[in-house]
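Participant: Turn this into a structure:
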Amino acid sequence: NSRGAASLLKDSIPIAEFSASGPFEGHDLLRRGFTSVKNELLPSHPLEVSEKNFQLTQDKTNFAMLRNIQGLHAPLKLQMEFRAVKQVQRLPFLHSSNIGLDTLRGNDECIGFEDILNDPSQSEVMGEPHMMMEYKLGLL
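Facilitator: Sure thing, here's the model as predicted:
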């Protein structure tokens, strides 16, 4: 989902660049948890991959059905609208709800996990607005 943790982290400044101990920093258990080669290679649950790709799979199915019903122009027009709406974002330090994208997908009236338990004011990722804007513009 576009409103998940990934959308909160995509515009944030990477923590590794501002670490005090530099490139020789050890593994931070509090932020990253325990390391395991098995967890890096395989998903932890058989349904994890399916859940991560749910929206993509649903969009592909909807586009295929729309193409069969209305022709090639309908999914192409909808994909262009999706791309245009995804480009409209707030400033990097403000949470973007992507209400336009939810409206196009028909999820604007659905209440999901991320609507209740993904409150950006309780996020651990918080940055200084000026620094985040300079990083986004490539000045840092």
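Participant: from the chain's centre, how far out does the longest helix anywhere in the chain sit?
Facilitator: Under DSSP state H, the helix in the chain containing the largest number of residues is helix 54-70. Centroid separation between helix 54-70 and its chain, computed with CA atoms, centre = their mean, to the nearest Å, is 21 Å.
Participant: before we move on, which element is S97 in?
Facilitator: Using DSSP states H and E, S97 is not contained in any helix or strand.
Participant: ugh, typo on my part, it should be M132
Facilitator: Assigned by DSSP H and E, M132 falls in helix 129-136.
Participant: Pull out the buried residues from that helix.
Facilitator: M132, M133, Y135 (16 or more other CB atoms under 10 Å). Every residue, glycine included, has its C-beta placed from N, CA and C.
Participant: and after the longest helix of the chain, which helix or strand comes next?
Facilitator: helix 73-87.
Participant: and that following helix with helix 54-70, angle?
Facilitator: 150 degrees (axes from the mean of the first three to the mean of the last three CA atoms, to 10 degrees).
Participant: Packing partners of helix 73-87?
Facilitator: helix 54-70, helix 99-105 (3 or more CB pairs under 8 Å, 6 or more residues apart in numbering; DSSP states H and E).
Participant: Okay, buried residues for the longest one please.
Facilitator: Burial within helix 54-70, assessed by neighbour count using 16+ other CB under 10 Å, is assigned to F63, L66.
Participant: do the shortest one as well
Facilitator: Across helix 99-105, burial judged by 16+ other CB under 10 Å covers G100, L101, D102, L104, R105.
Participant: how far is that helix from where the chain is centred?
Facilitator: Worked out by CA atoms, centre = their mean, helix 99-105 lies 15 Å from the chain centre.
Participant: Done for today, thanks.
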